[in-house]
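Engineer: dropping the sequence and predicted coords here.
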Amino acid sequence: MTVLDGREELTEREELEIDLLLEAIYRIRGYDFRNYLRSSLRRRIRNRMTIDQLPTVIAMVEKTLYEEGYLEKLLEDFSIKVTEMFRDPSFFLAFRSEVVPLLREHQKLRIWHAGCATGEEVYSLAILLQEEGLLERTSIYATDMSKEAITLAKEGKFPLKRMQAYTKNYIQAGGVQEFSAYYRADHSHAQVLPSLQEKITFAQHNLATDGSFNEFHVILCRNVLIYFNPELQTRVHAVLADSLAQDGFLALGSKESFLSMHKARFEEYLQEERIFRKR
C-alpha cells in the first residue's frame, strides 16, 4: 500500500468532500454536476471558498444545506458563461455558406441553442438568419441551466464597450450590413432590436438531467461538452441525437467531437468547424 504524503492526503480528502457537496446539490435541487470534469469544478469551488473565506469544502456543504440562497450562488458559480457575439467567426461564415442553403428547403425551421449562456451567440445566429431571409420562418429555442444567464439573455442588453470587438467578429463572419443596425445604444449599453428578440424563446434546461423536448433542424451545443466527463458526454450525445430531425445539423465547439456510441448516428459535414449531420 502506497503511503501518501500530507499534501496527497489533503487532495484525497478534498475530493471526498467535493463528492459530498455535489451529492447534496443533486439531492436538494436535482442539478447533477457529479459527472462534470473535476478540474473545472475544483477551480470554481476553490474560488468560492476564497471569496467566502471557508476553510474546507465541508464548510461549503454546511452552508449549502442550511443557509438560504447559498445553493443558488453555487449554481451560478458552476454555470459556464464564456461567450461573445459571433464567437469563432469562421464557424458562422461556414454556417452561412454551407448550411443555410440547405435550410432554405424547409417551410418552417426549428433551432435549439443548448447552453446559450447570456445570449450573445443566439442573437448572432438570429442576425445571420435575418440577413439570409430565414428568420421569419424560424423558431429559435435557447436554453441554459443558469436562471441568471437566461434572465440576462432575455434582456438582450450588452456593454457598449464590447461592440467594437463584436463588430470585428461580425465582419469576419460574413456580415453584410452595418452591425450597429441591429442594436440601439445609450451611453453604456447596446440593446438588440425587438425584431430579433421576438424570434427567440429562452428557457432553463439542464443537459445533465433533462431530456429532449422537440425535434429540431439545427442544434448548436458549442463549448459545453468540454466540461463533461465521457459518461455525461455520452448521455448528452443521446439527447442531442434524439432531438434532431433526420438530416438535421449539429454544431459543436472547436475542441469537441463524438467519443461515444452515438457517433455512428452522424456524419462529419464540415469537420474543421465541427458541424455534423444526422444520418
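Structural biologist: Great, that's in hand.
Engineer: alpha carbons only for contacts and neighbour counts from here, please
Structural biologist: Will do.
Engineer: any idea which element residue 84 lies in?
Structural biologist: Following DSSP states H and E, one finds residue 84 outside all helices and strands.
Engineer: so which residues of the stretch 101-250 of the chain form strands?
Structural biologist: Along the stretch 101-250 of the chain, counting by DSSP state E, counting those that start in this stretch, strands occupy 109-114, 138-144, 157-159, 183-185, 189-192, 200-204, 216-221, 244-252.
Engineer: residue 42 is nearest to which of those strands?
Structural biologist: Comparison of those against residue 42 by CA to CA identifies strand 138-144 as nearest, at 21.1 Å.
Engineer: neighbouring strands of that closest one in the sheet, and parallel or not?
Structural biologist: Partner strands for strand 138-144, per DSSP bridges, with pairing direction: strand 109-114 (parallel), strand 200-204 (parallel).
Engineer: tell me which of these lies nearest to residue 127.
Structural biologist: strand 200-204 (11.6 Å).
Engineer: what sits up against the closest one?
Structural biologist: Applying CA atoms under 8 Å, 6 or more residues apart in numbering, the contact partners of strand 200-204 are 139, 140, 141, 142, 143, 144, 145, 146, 147, 150, 153, 154.
Engineer: can you say which of those are buried?
Structural biologist: 139, 140, 141, 142, 143, 144, 145, 146, 147, 150, 153, 154 (16 or more other CA atoms under 10 Å).
Engineer: and the helices in the protein, which stretches?
Structural biologist: 6-29, 38-52, 57-66, 70-78, 89-94, 100-103, 120-131, 147-155, 163-172, 194-197, 230-243 (DSSP state H).
Engineer: return the most buried member of these.
Structural biologist: Among those, helix 120-131 has the highest mean neighbour count (mean count of other CA atoms under 10 Å), at a mean of 22.
Engineer: model confidence over it, on average?
Structural biologist: Average pLDDT, helix 120-131: 98.
Engineer: which strands and helices sit next to that helix?
Structural biologist: helix 194-197 (3 or more CA pairs under 8 Å, 6 or more residues apart in numbering; DSSP states H and E).
Engineer: starting at the chain centroid, how far to the helix it packs on?
Structural biologist: 21 Å (CA atoms, centre = their mean, to the nearest Å).
Engineer: what packs against it?
Structural biologist: Judged by 3+ CA pairs under 8 Å, 6+ apart, the packing partners of helix 194-197 are helix 120-131.
Engineer: okay, which residue is most central for this protein?
Structural biologist: Residue closest to the average C-alpha location in the chain (CA atoms, centre = their mean): residue 115, at 2.2 Å.
Engineer: so the residue lying closest to it once chain neighbours are set aside versus residue 30, what's the distance?
Structural biologist: Among residues not flanking residue 115 along the chain, residue 144 sits closest, at 4.5 Å (CA to CA, 6 or more residues apart in numbering). In this view, residue 144 and residue 30 are 15 Å apart by CA to CA, to the nearest Å.
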